[in-house]
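Build me a model from this:
(chains A and B)
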Number of protein chains: 2
Amino acid sequence: MVSGEISDWMHKSGEAARSAARLVARASTGQKNAALEAMAQQILSARERIGEANAADLKAARSTGLSAALLDRLELTPARIDAMAQGLAQIARLPDPVGEVSEMSAQPSGITVGRMRVPLGVIGIIYESRPNVTADAAGLCLKSGNAAILRGGSEALNSNRAIGECLSQGLADADLPTSAIQVLQTADRAVVSAMLTSPQFIDVIVPRGGKSLIEKVSAESQVPVIKHLDGNCHVFIDDDADLLKAVEIAFNAKCRRYGICGAMETLLLGAGIASAALEKLLPRYREAGVELRGCERTRALAPECIPASEVDWQTEFLAPVLAVRIVDTLDEAMDHIARYGSGHTDAIVTDNLPKSRRFVCEVDSSSVMVNASTQFADGFEYGLGAEIGISTDKLHVRGPVGLEGLTIQKYIVYGDGSIRS
Amino acid sequence: MVSGEISDWMHKSGEAARSAARLVARASTGQKNAALEAMAQQILSARERIGEANAADLKAARSTGLSAALLDRLELTPARIDAMAQGLAQIARLPDPVGEVSEMSAQPSGITVGRMRVPLGVIGIIYESRPNVTADAAGLCLKSGNAAILRGGSEALNSNRAIGECLSQGLADADLPTSAIQVLQTADRAVVSAMLTSPQFIDVIVPRGGKSLIEKVSAESQVPVIKHLDGNCHVFIDDDADLLKAVEIAFNAKCRRYGICGAMETLLLGAGIASAALEKLLPRYREAGVELRGCERTRALAPECIPASEVDWQTEFLAPVLAVRIVDTLDEAMDHIARYGSGHTDAIVTDNLPKSRRFVCEVDSSSVMVNASTQFADGFEYGLGAEIGISTDKLHVRGPVGLEGLTIQKYIVYGDGSIRS
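Residues are numbered from 1 along each chain as shown, chains lettered A, B, ... in the order given. Predicted structure coming up:
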């Protein structure tokens, strides 16, 4: 598209989304759930069509030499197609956050003031290869009463088109406007820029993908962004930790999955427990093939460690690599986390109540854990039912973002002919 | 300051604020309250010094020909100085939002997950002439556990310096770091740019002042902004309204004060009640000197109205001017509000429950009112105890922003050696 076409498209698409947003915002829970269930049904019925579209995307992607990891993300196996449908049905079963009224209280003037949870409006989703994001994100936006404009990766165009048709049909089946969920049918990158510069049409952008995508989106966007950057997570094994629990947590936090944002990247060890903990952990990490990078004190106890550099403390490895540092006090551990951490997820292992209390209160991360693996940082594990992402921002929402994160509270005021004196 | 100096200053000031923020975040409620009370005491003791500083600012401002309205805002009368001190003492008496834990619940995996309210970190306040904002904003930031960097207007430099000294002394009296509240002692505009481009030091910017200041700040800022733009507020008198209550509300919403953001700017009248309502309202508005700009149907009933233009529906007059439109249905009223409103505050006057319910649910404004004057849109009236501003944003916080709006929830997770399977 040329520039004028893009701007025409954005205007038309944005106006349609805005007016659909008003209808979706006032739709009943039953109507939204009916649409979600119809979407799930449509996806199940279109299994074959979606599979063919995905095969075409995969074929094209292979010919352009997409990496094996990206090809895997792009692939929609029959099980993944079923999981998309199940995901939508599951969102239908979640409680509806819209319309919840809280904190109603009478004020001295005679008015009663409370807060009502309402949708954000129009949500722009900008994502990369995984086509299942199309259904997941659309479902969460719809259930939370928002309209959505979804712009997926160019490599998944056919898959997203096929899924988008199912979503549209589901909306139509439930008498909701199809423009409430717009899955864009273009690989034109200028469309992304148009979305990022249209605060009049889009209330919030949620980018889903690698760090470079998210940084680019954040830098360019004039629309507020709910974003997920680094997960440089720490586990601090305090001297008062239960050694066996500490070892299990430190192993799980690193080795359950290396590539997720909740994976531990630096292990902090209390000086009094370091030797005992390392004795048990070193063979486990060695067996798992984890490369250790330690401070000098760690290396004195574990000569197999290579020296940790300043950069290692700052790095989200997302790989079988772990930085290890010995600290003398809780304060030293928290100082390290404040200095190098990314505010994602940090955990303490301790049986000491005052120390656990200080850690929970003072560590400024979106998730702060006691005696649990950082790999629990996840919307499903937290009981949100589903998540559209994990926010590392400090405004609006921190940590896993579920339906509530896609809403906001407005004030509602009731009087009886009340005037202000 | 030249560019290198500004950047050195921002770095030094930002680092100091960041480290003070950690201390203030973990300060006890008692310690924060002691600081607030000490600040109030310091201001009372420094009454004379503040008055002299203010007199110097006023003298300089008069010589540069500042308008009478701005001179009034700049002036600190003895009563206003006392009010600043009272404001700080009042903030000390408000409940502390920091550390509040909610929604703790056990999850199937065995972990317990909840949310804890925590400060945002470092808040940048950019404001214009009113020097009392210095004390108010600093007090709210401190009580909510945040550090603050305050950059006031160049015309209030002496006043702000004198107030800033009292705040510093109050912090010191309570053993809190004085860099937790930094009142900038420079009129250099480059300092504002440095603040707006330092997300590594400042977590959120709150601009306080006229629309042009706020627009400039928002356009330039790389730091998230909690902002207050237009208040184009509506009152809709539904056919099922109690006529006398409706008239009182419509008069109060316009005429109590013209210049505040919660003032009604457009009156929408149900076709069935328009004639009766206008009959009672016209003489009241005439007496108050309110100029009416009506739609054609309004003008047929009230020939004294001048014709309303498209621009009138969009305008926040902040003056004795009122646009009036007759509508046939609730939907038409809500369509008008959706199209022309600014999402600030809108009210319906009606005794009809289903219509009031639809209005409350469907009108997408930060405050939606039933049978009450839009002039109630205010943090004190809502029971927040104090407000740092009114947000017209749709993310993080909408409407009057009190202590809670300066905080956010993080997740806290407790396990017992819990690992994720």
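
what's next to the longest helix seen in chain A, contact-wise?
With secondary structure taken from DSSP state H, chain A has its longest helix at helix A:3-26. Applying Cβ atoms under 8 Å, 6 or more residues apart in numbering or on different chains, the contact partners of helix A:3-26 are A:1, A:32, A:98, A:118-119, A:121-122, A:142, A:145-149, A:176-177, A:179-180, A:182, A:188, A:190-191, A:194-195, A:198, A:200-202, B:338, B:358, B:361-362, B:364. Using the backbone N, CA and C atoms, a C-beta is placed for each residue, glycine as well.

mind saving the C-alpha coords of the helix or strand that that helix is followed by as CSV?
Going down the chain from helix A:3-26, the next helix or strand is helix A:29-45, by DSSP states H and E. Only the C-alpha atoms of helix A:29-45 are listed here, as CSV (Å, rounded to 0.1, in the frame of the first residue of the first chain):
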residue,chain,number,x,y,z
THR,A,29,-21.3,-11.8,29.4
GLY,A,30,-23.6,-14.4,27.8
GLN,A,31,-23.3,-12.8,24.4
LYS,A,32,-19.5,-12.6,24.6
ASN,A,33,-19.3,-16.2,25.8
ALA,A,34,-21.5,-17.3,23.0
ALA,A,35,-19.2,-15.7,20.5
LEU,A,36,-16.1,-17.3,22.2
GLU,A,37,-17.7,-20.7,22.0
ALA,A,38,-18.8,-20.2,18.4
MET,A,39,-15.3,-19.1,17.5
ALA,A,40,-14.0,-22.3,19.1
GLN,A,41,-16.5,-24.3,17.2
GLN,A,42,-15.6,-22.6,13.9
ILE,A,43,-11.9,-23.4,14.5
LEU,A,44,-12.7,-27.0,15.1
SER,A,45,-14.8,-27.2,12.0
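
Give me the buried stretch members for helix A:29-45, please.
Residues of helix A:29-45 classed as buried by neighbour count (16 or more other Cβ atoms under 10 Å in any protein chain shown): A:32-44.

quick check: angle from the longest helix of chain A to helix A:29-45?
Put simply, helix A:3-26 runs at 120 degrees to helix A:29-45, going by axes from the mean of the first three to the mean of the last three Cα atoms, to 10 degrees.

mind giving me the domain split of chain A?
Domain assignment for chain A by automatic domain parsing gives A:3-227+A:401-413, A:233-376.

so can I have a markdown table of these showing distance to A:Glu387?
Formatted as a markdown table, these follow (distance: least, Cβ to Cβ, whole Å):
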| stretch | distance to A:Glu387 |
| --- | --- |
| domain A:3-227+A:401-413 | 5 |
| domain A:233-376 | 12 |
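
for the record, mean pLDDT for whichever strand or helix holds A:Ile348?
Counting by DSSP H and E, the element that carries A:Ile348 is strand A:345-349. What strand A:345-349 shows for mean pLDDT is 98.

mind listing what it pairs with, with the direction of each?
strand A:233-237 (parallel), strand A:367-372 (parallel) (DSSP bridges).

how deep is A:Asp173 tucked in, by neighbour count?
15 (other Cβ atoms under 10 Å in any protein chain shown).

Local confidence estimate at it?
So, for A:Asp173, pLDDT stands at 97.

Tell me if I'm right that it and A:Leu36 touch.
No. Here A:Asp173 lies out of contact with A:Leu36, judged by Cβ atoms under 8 Å, at a distance of 10.6 Å.

Which pLDDT value belongs to the residue located most distally from the centre of chain A?
The centre of chain A is farthest from one residue, A:Ser421, which by Cα atoms, centre = their mean lies 46.9 Å away. Looking at A:Ser421, its pLDDT stands at 93.

what does A:Asn158 give?
pLDDT at A:Asn158 comes out at 96.

next one: A:Thr186
85.

how about it, secondary structure?
coil (DSSP: H, G, I helix; E, B strand; the rest coil).

Do I have it right that A:Glu103 meets A:Thr112?
No. Between A:Glu103 and A:Thr112 there is no contact under Cβ under 8 Å: 10.5 Å.

Tell me where the stretch 101-250 of chain A has helices.
Assigned by DSSP state H, counting those that start in this stretch, the stretch 101-250 of chain A shows helices spanning A:132-143, A:157-173, A:190-196, A:211-220, A:243-255.

can you tell which of the ones you listed is closest to chain B?
The closest of these to chain B is helix A:243-255. By Cβ to the nearest Cβ, the value is 2.9 Å.

Following the chain onward from that closest one, which element is next?
With DSSP H and E, the next secondary element past helix A:243-255 is strand A:264-270.

That following strand - contacts with which helices or strands?
strand A:233-237, helix A:243-255, helix A:274-288, strand A:321-327, helix A:330-340 (3 or more Cβ pairs under 8 Å, 6 or more residues apart in numbering or on different chains; DSSP states H and E).

Alpha carbons of the shortest one, in PDB - could you do that?
I take that to be strand A:233-237. Listed next in PDB are the C-alpha coordinates belonging to strand A:233-237 (Å, rounded to 0.1, in the frame of the first residue of the first chain):
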ATOM      1  CA  CYS A 233      15.500 -13.300  37.500                       C
ATOM      2  CA  HIS A 234      17.300 -14.100  40.700                       C
ATOM      3  CA  VAL A 235      17.000 -16.800  43.400                       C
ATOM      4  CA  PHE A 236      18.600 -15.900  46.700                       C
ATOM      5  CA  ILE A 237      19.300 -18.800  49.000                       C
END
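
Pull the residues that contact it.
A:246, A:249-250, A:253, A:261-270, A:273-274, A:277, A:327, A:330, A:333, A:336-337, A:341-342, A:344-350, A:359, A:373-374, A:377.

again, only using 7 Å
Strand A:233-237 is contacted from outside by A:246, A:249-250, A:253, A:262-270, A:273, A:277, A:333, A:337, A:341, A:344-349, A:374, using Cβ atoms under 7 Å, 6 or more residues apart in numbering or on different chains.

what's the distance between A:Ala288 and chain B?
Counting by Cβ to the nearest Cβ, to the nearest Å, the gap from A:Ala288 to chain B is 14 Å.

Likewise for A:Gly121?
A:Gly121 is 6 Å from chain B, by Cβ to the nearest Cβ.

so what's the residue nearest to that residue when sequence neighbours are not counted up against?
In space, and not counting its chain neighbours, A:Gly121 is closest to A:Asp203: 3.8 Å by Cβ to Cβ, 6 or more residues apart in numbering or on different chains. A:Asp203 is in contact with A:120-123, B:394, counting by Cβ under 7 Å, 6+ apart.

dump the residue contacts of the closest residue to chain B within the stretch 51-200 of chain A.
The nearest approach of the stretch 51-200 of chain A to chain B comes at A:Val113, 4.8 Å away (Cβ to the nearest Cβ). A:Val113 is in contact with A:105, A:107, A:411, A:413, B:382-383, counting by Cβ under 7 Å, 6+ apart.

Could you report the pLDDT at it?
pLDDT, A:Val113: 98.

Distance check, the residue nearest to it when sequence neighbours are not counted against B:Gly405.
Distances taken as Cβ to Cβ, 6+ apart place B:Tyr382 nearest to A:Val113, at 4.8 Å, with adjacent residues excluded. B:Tyr382 sits 12 Å away from B:Gly405 when distances are taken as Cβ to Cβ, to the nearest Å.

That's all I had, so thanks and see you.
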